[in-house]
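*Asks:* 3D, please:
(one chain, ligands or ions: 2)
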Amino acid sequence: MNEVKIVIAGPRGNMGKEAVKLVDRTEHFSLTAVLDSKSSGQTVKDIDGLPSMDAPVYTDLDLCLSEVECDVLIDLTTPEYGKKHMEIAFSHGVRPVVGTTGFSNEDVQELSKTAEQKGIGAIIAPNFAIGAVLMMKFAAMAAKYFPDVEIMEQHHDRKLDAPSGTAVKTAKMISEVREAKVQGHEDEREDMDGARGADYEGMRIHSIRLPGLVAHQEVLFGGEGQTLKIRHDSMNRGSFMPGVQLAVETVLKIDQLVYGLENIME
Ligand SMILES: NC(=O)C1=CN([C@@H]2O[C@H](COP(=O)(O)OP(=O)(O)OC[C@H]3O[C@@H](n4cnc5c(N)ncnc54)[C@H](O)[C@@H]3O)[C@@H](O)[C@H]2O)C=CC1
Ligand SMILES: O=C(O)C1=N[C@H](C(=O)O)C[C@H](O)C1
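*Replies:* Ligands and ions are numbered 1, 2, ... in the order given. So this is what the prediction gives:
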């Protein structure tokens, strides 16, 4: 494979740090710059915890993509910036691979339209962990037989968005196959706001935030006299990196936006 020139947005973050290390150890990847929210005028090796690499640090993505060569932008920032960064990448003909979560359905539709109009590949993956993608697929398979389902996601207590991108994607994949259903019964009430979780087309999503957690999700199904639980745990951020590598390699071969790693896994 030819050398892939990569810019990473969010290199000081939990995920950004792992992504910089992934690029550093992957022979056919090369880091041409990083986009940081803080300082500029440094190189990657000046940032604590990052490998000794000479790629420059920028704080303005538009300027960064005007000055350095870039095939793929990896965005691991915040819901506020992820969408803006994708739009800037498109305007430079750069292919975005985005792990940032918190996009609405409308955001994804809008970005799909832009990618299609420009004929540029893009990938938004709410979860890069292969096991998590399988968990979502298995949940969608089970929902055909068990339409009563609740999603319980658990994350570290620094997470910005709730429900998690994975929980929303799981609910979306389930809603595409399960019969329309509002769960619970008509006399059910919430004596405290939020007690029954968020409502996604009649399905409930519960978000737990605690120190000590990384990223975990359980999908619980109930039927007559039986329950089924499908669970995935990410114990560290290394769990996401094979999926990031697959997305970077695949985005070079497509000319539209793909939402979800399940659409590019063989
Ligand atoms: N798709 C996946 O598999 C995964 C996705 N995520 C998502 O990735 C995102 C990042 O997660 P973490 O690394 O845990 O968060 P984090 O808070 O550790 O890192 C985010 C970084 O982005 C930086 N940042 C914020 N605005 C920026 C901007 N405008 N330009 C450049 N950098 C900016 C912050 O300074 C921070 O260093 C979140 O949206 C999270 O939900 C996290 C883990 C896995
Ligand atoms: O913020 C995180 O940590 C994670 N975010 C993604 C999500 O919102 O689903 C993926 C994974 O769960 C970790």
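*Asks:* If you check the stretch 1-150 of the chain against ligand 2, which residue is the closest one?
*Replies:* residue 101 (3.6 Å; Cβ to the nearest ligand atom). Where you see a C-beta, it was placed from the backbone N, CA and C, and this is true even at glycine.
*Asks:* Disregarding flanking residues, what is the spatial nearest neighbour of that residue?
*Replies:* residue 165 (2.9 Å; Cβ to Cβ, 6 or more residues apart in numbering).
*Asks:* if we can go back for a sec, I figured the residue of the stretch 1-150 of the chain closest to ligand 2 hits residue 163, correct?
*Replies:* No. Taking Cβ atoms under 8 Å as the definition, residue 101 is not a contact partner of residue 163, at 9.4 Å.
*Asks:* quick one on the thing from earlier: quick check: which element contains the residue of the stretch 1-150 of the chain closest to ligand 2?
*Replies:* Using DSSP states H and E, residue 101 sits within no helix or strand.
*Asks:* For residue 167, give its distance to ligand 2.
*Replies:* Distance from residue 167 to ligand 2, counting by Cβ to the nearest ligand atom, to the nearest Å: 7 Å.
*Asks:* tally of neighbours for the nearest residue to that residue once chain neighbours are set aside?
*Replies:* Leaving aside its sequence neighbours, residue 167 sits nearest to residue 153 (Cβ to Cβ, 6+ apart; 4.3 Å). Using other Cβ atoms under 10 Å, residue 153 has 25 neighbouring residues.
*Asks:* go on, the one 3 residues further on?
*Replies:* For residue 156, the neighbour count with other Cβ under 10 Å is 14.
*Asks:* Can you tell me the closest non-neighbouring residue to it?
*Replies:* residue 213 (5.2 Å).
*Asks:* hang on, residue 218 in a helix?
*Replies:* No. Counting by DSSP: H, G, I helix; E, B strand; the rest coil, residue 218 is not part of a helix but strand.
*Asks:* Now do the same contact list for it.
*Replies:* Residues near residue 218 by Cβ atoms under 8 Å, 6 or more residues apart in numbering: 151-154, 229-231.
*Asks:* Enumerate the beta-bridge partners assigned to it.
*Replies:* Partner residues in beta bridges with residue 218, using DSSP bridges, are residue 152, residue 231.
*Asks:* Smallest gap between the chain and ligand 1, at which residue?
*Replies:* Proximity of the chain to ligand 1 (Cβ to the nearest ligand atom) peaks at residue 13, 2.0 Å away.
*Asks:* Would you tell me which residues of the stretch 151-266 of the chain are close to ligand 2?
*Replies:* Neighbours of ligand 2 within the stretch 151-266 of the chain, by Cβ under 6 Å from any ligand atom: 155, 159, 164-166, 215.
*Asks:* Could you point out which of those is nearest to residue 116?
*Replies:* Set against residue 116, the nearest of those by Cβ to Cβ is residue 165 (21.9 Å).
*Asks:* Quick one: the helices in the stretch 1-150 of the chain, in order.
*Replies:* Taking DSSP state H, counting those that start in this stretch, the helices of the stretch 1-150 of the chain run over residues 14-25, 61-67, 79-91, 105-118, 130-143.
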